[in-house]
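**Student:** Here you go, sequence then predicted model.
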Amino acid sequence: MEVMAVIVSLIFIGYISRYLGVLREEDRSVLNKVVVYISMPSTVFLTILKNVSPKELALFIKLPILIFLIFTICGVIGYILGRCLKLEGKSIGGLILVCALGNTGFLGYPVIYGFYGDPGLVRAIFCDMGSVIASLLIGTFVGVTFGEGKEEKNTSLYILKELLKFPPFLACILSILCVTLGIGIKDIPAFLVDTLNYLSKATVPLIMISLGLSLSPGSTYTIKYGILALLVRSGVAPLLALLLSLLFSIEGLERKVLILQSAMPSAMMSLVFSLLYRLDVKLVASACFITTISSLVILPMLKKILG
């Protein structure tokens, strides 16, 4: 599929740039900051403002709630698998994270946009908001419970602070508020809209190049745990999404995007939490690599099944 060919090409540019010395693996933090603090908030704000009407908000708000439920259930499944395999605290914590958290932003945005354009992207954004909250809640809980890193005296306050420091989340809230108040693109100065459009166009290529810098085949020492994470993320999660979409009367494009977002590979945020709380970093890195590479084949297949 042409869409996946473009995405793979962009990832490969980041991957090969590291080995040619054009970019270093450490440079991904700079790219990520540009994405998170500048380009992605522009994408979120413009996409929601252009494609969401007040009457659609009630439907779209279901998406982050369902993603949160799916990720939480997948985390529980990861815990059960870890106990069955008799993993130690650090390793079971890492397995929970890679089973629970999906890459709905850094891979979900480009893939869904490539498949369905702006209408799909706006739904992907709402799914990602649920993913952000799940990442902070599950990541912090797992880190404090199974890790050896810092412990927050007030976990709820910490999570709230992190949400308020995450620009795409704030952009989503601001755009929803604008939609609710009836403020549209025409009500915003043209130069500002043009500026946001230019910034927004940088989101997908920067995300993919950054992802390419992050991938490393050398991290597959715990391949069996990567396969387990793959089965949960690409098998169990979309089945849960299908079941919940039927229960909550989610149909059409909303259902397709929900299922695809739920099937995204293990989130790179899993690696951030594993480093922060001293979990099994090698297990997490292995799972992120295996699930990401596999998803480049699985996601187009799943999209074809969905029609």
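**Tutor:** Yep, that arrived.

**Student:** going forward, measure contacts and count neighbours with C-alpha atoms only.
**Tutor:** Fine.

**Student:** just the helices in the stretch 201-307 of the chain please.
**Tutor:** Listed in chain order, the helices of the stretch 201-307 of the chain (DSSP state H, counting those that start in this stretch) span 203-214, 223-231, 237-247, 252-262, 269-276, 281-306.

**Student:** Now do the fourth one: which elements does it pack against?
**Tutor:** For helix 252-262, the contact count by 3 or more Cα pairs under 8 Å, 6 or more residues apart in numbering; DSSP states H and E identifies helix 62-84, helix 108-146, helix 237-247, helix 281-306 as packing neighbours.

**Student:** how far is it from where the chain is centred?
**Tutor:** Going by Cα atoms, centre = their mean, to the nearest Å, the spacing between the C-alpha centre of helix 252-262 and its chain's C-alpha centre is 14 Å.

**Student:** hmm, who's touching that helix?
**Tutor:** Applying Cα atoms under 8 Å, 6 or more residues apart in numbering, the external contacts of helix 252-262 come out as 60, 63, 67, 70-71, 102-104, 108, 112, 120, 123-124, 127, 233-234, 237-239, 241-242, 245, 299, 302-303, 306.

**Student:** Would you mind giving me the ChimeraX syntax to select the buried ones in those?
**Tutor:** Listed next is the ChimeraX selection for buried residues among the contacts of helix 252-262, using 16 or more other Cα atoms under 10 Å:
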select :60,63,67,70,71,102,103,104,108,112,120,123,124,127,233,234,237,238,239,241,242,245,299,302
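
**Student:** count of neighbours near K62?
**Tutor:** Burial of K62, expressed as a neighbour count using other Cα atoms under 10 Å, amounts to 18.

**Student:** got it, and T180?
**Tutor:** Counted by other Cα under 10 Å, the residues lying close to T180 total 15.

**Student:** contacting residues around it?
**Tutor:** With contact set as Cα under 8 Å, 6+ apart, T180 has these partners: P54.

**Student:** Tell me how far it lies from C127.
**Tutor:** Separation of T180 from C127 (Cα to Cα, to the nearest Å): 19 Å.

**Student:** Using PDB, write out every CA atom in the worst-scoring helix or strand of the chain on mean pLDDT.
**Tutor:** Least confident helix or strand, the chain: helix 155-164 with a mean of 75, by mean pLDDT, DSSP states H and E. The C-alpha atoms that make up helix 155-164 are tabulated as PDB, following Å, rounded to 0.1, in the frame of the first residue of the first chain:
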ATOM      1  CA  THR A 155       0.500  10.500  42.200                       C
ATOM      2  CA  SER A 156      -2.800  12.300  41.300                       C
ATOM      3  CA  LEU A 157      -1.200  15.700  41.400                       C
ATOM      4  CA  TYR A 158       1.800  14.400  39.400                       C
ATOM      5  CA  ILE A 159      -0.400  13.100  36.700                       C
ATOM      6  CA  LEU A 160      -2.400  16.300  36.500                       C
ATOM      7  CA  LYS A 161       0.800  18.400  36.200                       C
ATOM      8  CA  GLU A 162       2.000  16.100  33.400                       C
ATOM      9  CA  LEU A 163      -1.300  16.500  31.500                       C
ATOM     10  CA  LEU A 164      -1.200  20.300  31.900                       C
END
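
**Student:** returning to that earlier point: and the helices of the stretch 201-307 of the chain as TSV, adding mean pLDDT and distance to I138?
**Tutor:** Written out in TSV, the entries for these read as follows (pLDDT from 0 to 100; distance: least, Cα to Cα, whole Å):
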stretch	mean pLDDT	distance to I138
helix 203-214	83	22
helix 223-231	92	16
helix 237-247	97	16
helix 252-262	97	16
helix 269-276	83	10
helix 281-306	91	15
